[in-house]
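> take a look and give me a structure for this.
(chains A, B, C and D)
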Protein chains: 2
Amino acid sequence: MKDNILEVYGMEAAAFKALGHPTRLFIAHQLGKRDTCVCELTAMVGDDISTVSKHLSVLRAAGIVDSVRKGNQIIYRLKLRCVLNMSVCAKFGKGK
Amino acid sequence: MKDNILEVYGMEAAAFKALGHPTRLFIAHQLGKRDTCVCELTAMVGDDISTVSKHLSVLRAAGIVDSVRKGNQIIYRLKLRCVLNMSVCAKFGKGK
DNA sequence: CATCTATTTGGCTATTTGGCAGAATAGAGG
DNA sequence: CCTCTATTCTGCCAAATAGCCAAATAGATG
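Residues are numbered from 1 along each chain as shown, chains lettered A, B, ... in the order given. Next up, the predicted model:
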């Protein structure tokens, strides 16, 4: 059954996993408001820029964000916008 | 800013993280259909029972499931039912 | 109380992750 | 072509995770 589980739930689980880190979840929400460059996200998050870049590549690999070059900076945008709705659920947590 | 991110997104991220494993996501969906004992989940998943038990404790720690004893077995139920809706989003993945 | 069954817990190992610092890269602009 | 800036990549380390097996536990039941 294991292969089957991986087949059915693998990609979906990967998306959850990508969002399963406070910094990455914050980034997703921030990008939900407006497209933002790495440098600005770095300033907001407060981690090393290499760390933020790595978080972004995790989000991109999961298909949650993508990016585009603008001048000499890379602008990230939220590609899978519905993650914003997903969030509402967990937010009310134990409640409902 | 880091403390603030943790404060705002920490618990929510933990819920995503808990669902970020194919086996645990499968279990959540299965429990969405009906309450189930560890033994039966183990049979469905095909991992060692101790592994399944650990997955269940991760889900419980995140507030996603809870359990109740019935006879000599422990029945798990989906406590945070809205995770079933969350799933729909990721499922259509890159699409929307 | 002794035992049986279902589950959890405690190692243990291999792998993955998160973070930083520093090197490498890619365009922009002189 | 040189340099500057923004970003990504590579090593490195500490910590967390997934999985198995074996031991411990908790009720159920004789």
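> need the pLDDT of A:Met1.
The score at A:Met1 is 77. That number is its pLDDT.
> apart from its chain neighbours, what residue comes closest to it?
Of all residues not flanking A:Met1 in the chain, B:Gly46 sits nearest, at 4.6 Å (CB to CB, 6 or more residues apart in numbering or on different chains). C-beta here means a position set from N, CA and C on the backbone, and glycine is covered the same way.
> likewise for A:Arg77?
A:Asp35 (4.4 Å).
> ok, the one you found - contacts?
When contacts are counted by CB atoms under 8 Å, 6 or more residues apart in numbering or on different chains, A:Asp35 touches A:Ile75, A:Tyr76, A:Arg77.
> need the longest helix for chain A.
helix A:2-19 (DSSP state H).
> tell me what that one is packed against?
Contact here means 3 or more CB pairs under 8 Å, 6 or more residues apart in numbering or on different chains; DSSP states H and E; on that basis helix A:2-19 packs against helix A:22-33, helix A:49-61, helix A:83-91, helix B:2-19, helix B:22-33, helix B:83-91.
> pipe the ones you listed into TSV and attach distance to B:Ser57 and mean neighbour count per row.
Below are those laid out as TSV (distance: least, CB to CB, whole Å; neighbours: other CB atoms under 10 Å in any protein chain shown):
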stretch	distance to B:Ser57	mean neighbour count
helix A:22-33	21	21
helix A:49-61	25	16
helix A:83-91	19	19
helix B:2-19	10	19
helix B:22-33	11	21
helix B:83-91	17	19
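> minimum distance to DNA strand C: which of those helices has it?
With CB to the nearest atom of the strand as the measure, helix A:49-61 is the member of the helices and strands packed on helix A:2-19 nearest DNA strand C (3.6 Å).
> average pLDDT for that closest one?
97.
> can you give me the buried ones in the helix or strand just after that helix?
Scanning forward in sequence from helix A:49-61 by DSSP states H and E, the next helix or strand is strand A:65-70. Neighbour-count burial for strand A:65-70, counted by 16 or more other CB atoms under 10 Å in any protein chain shown, picks out A:Val65, A:Ser67.
> strand A:65-70 packs against which elements?
Applying 3+ CB pairs under 8 Å, 6+ apart, one finds that strand A:65-70 contacts helix A:22-33, helix A:49-61, strand A:73-78.
> could you spell out the sheet neighbours of that strand, each with its direction?
Partners of strand A:65-70 in the sheet, by DSSP bridges, are strand A:73-78 (antiparallel).
> chain center to the strand it pairs with, what's the gap?
Chain-centre distance of strand A:73-78: 12 Å, with CA atoms, centre = their mean, to the nearest Å.
> same check, this time on stretch A:64-82
Stretch A:64-82 sits 11 Å away from the centroid of its parent chain (CA atoms, centre = their mean).
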